[in-house]
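> can't give you the sequence, but here's the structure:
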């Protein structure tokens, strides 16, 4: 399944959508309008390919609606998800700015609407707008730090430790009061992001449920015992590693 492109949004609506993106919040209206002038709307069905690994990055993408997953194929035929982008997220900032081939493949996890912003226009505006250039630098730095954190959190930790660390990312403060969250992706995609088999992730969820650390209803999770979740994320020897 492939993407379909159009310019369904007005120029003002396109600029507004770009401005809602985390990357472009606070950027001058004139810069947003310039980016919007050449932006294209892309509509992807579920499992539609936004771009493939190795293709030249001609655009930066903003998720208006839906969810985009960036993944790397593994030798065993599985996929390693490196980014799950949701509404108001941007995708492939580094490759778009550098104009180099994509390092991963991007697929719509659900029906999605994406805006494509020309790499050339993005570079031109970054040269003229210091705030935009700084935001691009921050976005690229955060992406690198996130990937390093994912690598550090995956090995040699067990499946239970990885899940605990993942759930702690949604913690709203440093205290030990409970908190709720809605899983932002399917368990299959979360397992791929954590570099786990889906069965191992399900087993880790069951362990947390049996220990009354969490309550789970569909994608809704309530963390009941934050202190236990933190402890399990650091020390999981008695549960073994998967």
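Perfect, thanks for sending it. Keep in mind the model is a prediction, meaning the values are calculated, not measured.

> make it CA atoms for all contacts and neighbour counts henceforth
Fine.

> looking just at contacts, which helices and strands does the longest helix seen in the chain meet?
Counting residues, the longest helix found in the chain (DSSP state H) is helix 130-154. Using 3 or more CA pairs under 8 Å, 6 or more residues apart in numbering; DSSP states H and E as the contact test, the elements touching helix 130-154 are helix 93-98, helix 119-128, helix 159-168.

> relative to helix 159-168, how tilted is it?
Per axes from the mean of the first three to the mean of the last three CA atoms, to 10 degrees, the angle that helix 130-154 makes with helix 159-168 is 150 degrees.

> Report the angle between helix 130-154 and helix 119-128.
110 degrees.

> pLDDT score for the most centrally placed residue in the chain?
The centroid of the chain falls nearest to residue 84 when counting by CA atoms, centre = their mean (2.8 Å). We have a pLDDT of 89 for residue 84.

> neighbouring contacts of the helix or strand where it lies?
Taking DSSP states H and E as the definition, residue 84 sits inside strand 79-85. Strand 79-85 is contacted from outside by 63, 67-74, 91, 147, 185, 189, 192-193, 195, using CA atoms under 8 Å, 6 or more residues apart in numbering.

> The helix or strand following it pairs with which strands, parallel or anti?
Once the chain leaves strand 79-85, the next helix or strand it forms, by DSSP H and E, is strand 90-91. Paired strands of strand 90-91, with direction, are strand 59-65 (antiparallel) (DSSP bridges).

> can you give me the angle the strand holding residue 84 makes with helix 130-154?
140 degrees.

> what's the offset of strand 79-85 from the middle of its chain?
7 Å (CA atoms, centre = their mean, to the nearest Å).

> got the buried residues for that strand?
79, 80, 81, 82, 83, 84, 85 (16 or more other CA atoms under 10 Å).

> again with stretch 161-180
161, 162, 163, 164, 165, 166, 167, 168, 171, 179, 180.

> now those in CSV, with pLDDT?
Conversion of these to CSV gives the following (pLDDT from 0 to 100):
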residue, pLDDT
161, 91
162, 90
163, 93
164, 93
165, 89
166, 90
167, 93
168, 92
171, 88
179, 92
180, 92
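
> so, if you compare the residues you listed, which one comes nearest to residue 55?
For these, the residue nearest residue 55 by CA to CA is residue 166; the value is 31.0 Å.

> For the closest one, give its distance to residue 106.
Residue 166 is 22 Å from residue 106, where distance means CA to CA, to the nearest Å.

> host element of residue 205?
helix 198-210.

> Give me the residue ranges of this protein where confidence is low.
1-8, 148-156, 174-175, 235-242 (pLDDT under 70).

> rewinding a little: mind listing the strands the strand holding residue 84 pairs with, and their directions?
In the sheet, strand 79-85 lines up with strand 68-73 (antiparallel) (DSSP bridges).

> which parts of the partner strand are buried?
68, 69, 70, 71, 72.

> and if you look at stretch 209-220?
Quick answer for stretch 209-220 (16+ other CA under 10 Å): 213, 214, 215.

> List the buried residues of the helix holding residue 205.
198, 200, 201, 202, 204, 205, 208.

> which one among those gets closest to residue 142?
residue 201 (26.0 Å).

> and the closest one, what does it touch?
If you count contacts by CA under 8 Å, 6+ apart, then residue 201 has 159, 160, 163, 187, 191 around it.

> right, and the first one touches residue 206 too?
Meaning residue 159. No - counting by CA atoms under 8 Å, residue 159 does not reach residue 206; the two are 11.6 Å apart.

> Spell out which residues are contacts of both of those two.
Counting by CA under 8 Å, 6+ apart, nothing touches both residue 159 and residue 206.
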